[in-house]
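Q: show me how the following folds:
(one chain, ligands or ions: 1)
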Amino acid sequence: MSERKTIVAVFDTKPYDREFLSLAVGADQFHWKFLEFRLTDETAVAAHGADVACVFVNDVADLNALECLASSGVRHLALRCAGFNNVDLAAARKLGITVTRVPSYSPHAVAEHTVALLLSLNRKIHRAYSRVRELNFSLGGLVGFDLFGKTAGIVGTGKTGRLVAEILRGFKMRVLAADISPDHAWATANGIEYVDLETLDRESDIISLHAPLTQETNYLVNRHTLALMKRGVIIVNVSRGRLIHTAALIEALKNGHVGGVALDVYEEEEGVFFEDLSGEVLQDDELARLLTFPNVLITAHQAFLTREALEEIARVTTENIQLLSAGLPPLEGTSF
Ligand code: NAD
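A: Below is the predicted model of the structure:
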């Protein structure tokens, strides 16, 4: 008699999730139930009969959803991401659901996307691309500046921030950094200078945010700190939307104090980013306003989206499902 396969209900499945999860080593040992909608207290019932619920950043694993999952038989909540602010960990513990995550997939993916955004914004590639496709070969309004010799400020020198700092050193930029836990040996070895946040704000031509969202970093870029920054500063945020006070940023863009902004995250991105809303009326007026500026470039939380990162997410997720199904502990550092 064949053994029953572990059933995995995958919420918020995108085509790339299906592809990479299905290809992971050991994936054929499970029965995958790919669901295109997000996990909420109303949709949790779709996991009925599953052993594992697999979720991403915009799924909501609150008390009600978790209770429904638990009564459907789910014993493992496998996050395909690092962040877990969308999960009620205490409720999961009480209900006997083990929660695992993928703490790091590819800092290179995130760092390289940061630099891609910076170069595109500064050299107006987004505008040139549309223009040339319309057979408009004029260059008016496409003037950028050399990165060489300019000053970059990196806020947060963890896995992604330090990679961005090292890449920008390759352009022969002066690189300043601010972090609550500075790594002076790394900075000295790479010709990078730690300064306080105010000095970084005052002296940088480009500011790139790589700190997590915490009480201290919430609205790190606000009316006051924007006023400290150089006129014409370029701000890049691939970290978390709420590091920037959007209304203050719009004001600084309107009056020309900020020279350009590249965002891969936005404070109200939930329910918007990752979705195709091209046939709908956009309800978020601040996002709509941001999209009207020629010097704002937005991608929808795609900095992580490389083959390598997706392979790593699928590998860790699949290995943890295998381990927990066999009654073994999950991979080190992936559970709570
Ligand atoms: P990390 O934990 O390796 O590094 C974060 C760094 O920020 C640490 O060095 C920490 O000391 C520093 N920090 C914390 N509080 C600070 C403060 N108040 N001021 C200055 N520095 C502070 O994280 P990481 O892997 O480099 O990721 C950074 C951020 O990027 C995370 O918040 C993560 O959510 C986000 N991220 C985005 C994507 C994406 O696709 N856009 C993908 C992965 C991660």
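
Q: and the spatially most central residue of the chain, what are its phi and psi?
A: Centroid-nearest residue in the chain, with CA atoms, centre = their mean: residue 301, separated by 5.1 Å. Dihedral angles phi and psi of residue 301 (degrees, to the nearest 10) take the values phi 60, psi 50.

Q: can you count the residues close to residue 145?
A: As a burial measure, residue 145 scores 14 neighbours (other CB atoms under 10 Å). Using the backbone N, CA and C atoms, a C-beta is placed for each residue, glycine as well.

Q: numbering from 30 from now on, please.
A: With 30 as the first residue, the last one maps to residue 174.

Q: ok, the closest residue to it other than its chain neighbours - contacts?
A: Closest residue to residue 174 apart from its sequence neighbours, by CB to CB, 6 or more residues apart in numbering: residue 151 at 6.5 Å. By CB atoms under 8 Å, 6 or more residues apart in numbering, residue 151 lies in contact with 173-174, 176, 263, 289.

Q: just the buried ones from those residues, in PyMOL syntax?
A: To isolate the buried ones among those in PyMOL, judged by 16 or more other CB atoms under 10 Å, type:
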select buried, resi 176+263+289
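
Q: what is the most widely separated pair among the contacts of residue 151?
A: Greatest spatial distance among the contacts of residue 151 (CB to CB): 176 and 289, at 12.9 Å.

Q: picking that back up, inside strands: which ones of the contacts of residue 151?
A: Using DSSP state E, the members of the contacts of residue 151 that fall in strands are 263, 289.

Q: need the contacts of residue 151 in CSV with pLDDT, can you?
A: As requested, those are exported to CSV (pLDDT from 0 to 100):
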residue, pLDDT
173, 98
174, 98
176, 98
263, 98
289, 98
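
Q: ok, the contacts of residue 151 vs residue 54, which is closest?
A: residue 176 (41.1 Å).

Q: quick one: that closest one from residue 35, how far?
A: According to CB to CB, to the nearest Å, residue 176 stands 50 Å off from residue 35.

Q: likewise residue 344?
A: Distance from residue 344 to residue 35, by CB to CB: 17 Å.

Q: what are the buried residues along stretch 73-93?
A: Neighbour-count burial for stretch 73-93 [16+ other CB under 10 Å]: 73, 75-76, 79-90.

Q: stretch 149-168 too?
A: Applying 16+ other CB under 10 Å to stretch 149-168 flags 149-151, 153, 155-157, 160 as buried.

Q: mind putting the residues you listed into TSV with pLDDT?
A: Below are those laid out as TSV (pLDDT from 0 to 100):
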residue	pLDDT
149	98
150	98
151	98
153	98
155	96
156	97
157	98
160	97
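
Q: farthest pair in these?
A: Farthest pair in those, by CB to CB: 151 and 160, 16.5 Å.

Q: just to revisit the earlier point, near the ligand, which of the contacts of residue 151 show up?
A: By CB under 6 Å from any ligand atom, no member of the contacts of residue 151 lies near the ligand.

Q: the strands in this structure, which residues?
A: Using DSSP E, strands in the chain cover 35-39, 59-63, 81-84, 105-108, 127-129, 180-184, 203-207, 221-223, 235-238, 262-266, 287-292, 325-327.

Q: tell me the buried residues in stretch 345-364?
A: Quick answer for stretch 345-364 (16+ other CB under 10 Å): 345-354, 359, 363.

Q: from these, pick the one nearest the ligand.
A: residue 345 (14.1 Å; CB to the nearest ligand atom).

Q: now do the contacts for that closest one.
A: Residues near residue 345 by CB under 8 Å, 6+ apart: 129, 131, 134, 360, 363.

Q: and the residue of this protein nearest the ligand?
A: For the chain, CB to the nearest ligand atom, closest residue to the ligand: residue 187, 1.6 Å.

Q: now that residue, nearest residue through space, not along the chain?
A: Nearest to residue 187 is residue 239, by CB to CB, 6+ apart, at 6.5 Å.

Q: follow-up on the earlier one: turn the buried residues of stretch 345-364 into CSV, including distance to residue 140 and pLDDT.
A: Below are the buried residues of stretch 345-364 laid out as CSV (distance: CB to CB, whole Å; pLDDT from 0 to 100):
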residue, distance to residue 140, pLDDT
345, 20, 97
346, 23, 97
347, 26, 97
348, 25, 97
349, 26, 97
350, 29, 97
351, 31, 96
352, 30, 97
353, 32, 97
354, 35, 95
359, 27, 97
363, 22, 96
